[in-house]
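Visitor: give me a 3D structure for the following:
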Amino acid sequence: MSENQDINRGFWSRVFHLYYDGFRSMTVGKTLWLIIGIKLFIFFFVLKFLLFPDFLSTKCDTDQEKAEYVRQQLTGNQEPVDADHADD
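Guide: Numbers count the residues shown, from 1 in each chain. All right, here's what the predicted structure looks like:
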C-alpha cells in the first residue's frame with residue numbers, strides 16, 4: 001500500500017488493519033489468545049451458573065415479591081410498607 005493511500009484511510013480503518021495484520025502474522029500468539037478466550041468463557045459463562053444460582057426464584061414467585069424481598073434485605077425492614085398509609 002502506498003503512503004498516499006495510507007493517509008487517505010480513516011483512523012479506525014488504520015487501527016483495524018494494524019491489529020488485523022498483527023494477528024494474521026502471529027504464530028504462538030494465536031494459541032495464547034485461544035487459551036485466553038477459553039478461560040474467559042469458563043469464567044463468565046460456566047462459573048456463573050455454578051456459583052451464582054437464581055436465588056430469588058427459589059424464594060419468590062413474582063417480580064413484585066422479588067422486589068419486596070430485596071428491599072427488605074437491604075433496609076432491614078421486616079414489615080412491608082403500605083404506600084397508601086405511609087403518612088399515618
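Visitor: for whichever strand or helix holds residue 16, what is the average pLDDT?
Guide: Taking DSSP states H and E as the definition, one finds residue 16 inside helix 11-24. Averaged over helix 11-24, pLDDT sits at 89.
Visitor: can you check stretch 35-53 too?
Guide: 86.
Visitor: and that stretch, end to end?
Guide: 26 Å (C-alpha to C-alpha, to the nearest Å).
Visitor: coming back round to it: could I have the helix holding residue 16 exported to PDB, CA atoms only?
Guide: Included here for helix 11-24 are C-alpha records, laid out as PDB according to Å, rounded to 0.1, in the frame of the first residue of the first chain:
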ATOM      1  CA  PHE A  11      -8.300   6.400  11.700                       C
ATOM      2  CA  TRP A  12     -10.400   3.500  12.600                       C
ATOM      3  CA  SER A  13      -9.600   1.700   9.400                       C
ATOM      4  CA  ARG A  14      -5.900   2.100  10.100                       C
ATOM      5  CA  VAL A  15      -6.400   0.800  13.700                       C
ATOM      6  CA  PHE A  16      -8.300  -2.200  12.400                       C
ATOM      7  CA  HIS A  17      -5.700  -3.100   9.800                       C
ATOM      8  CA  LEU A  18      -2.900  -2.700  12.400                       C
ATOM      9  CA  TYR A  19      -4.500  -5.300  14.600                       C
ATOM     10  CA  TYR A  20      -5.700  -7.500  11.700                       C
ATOM     11  CA  ASP A  21      -2.200  -7.600  10.200                       C
ATOM     12  CA  GLY A  22      -0.600  -8.200  13.600                       C
ATOM     13  CA  PHE A  23      -2.900 -11.100  14.500                       C
ATOM     14  CA  ARG A  24      -2.600 -12.600  11.000                       C
END
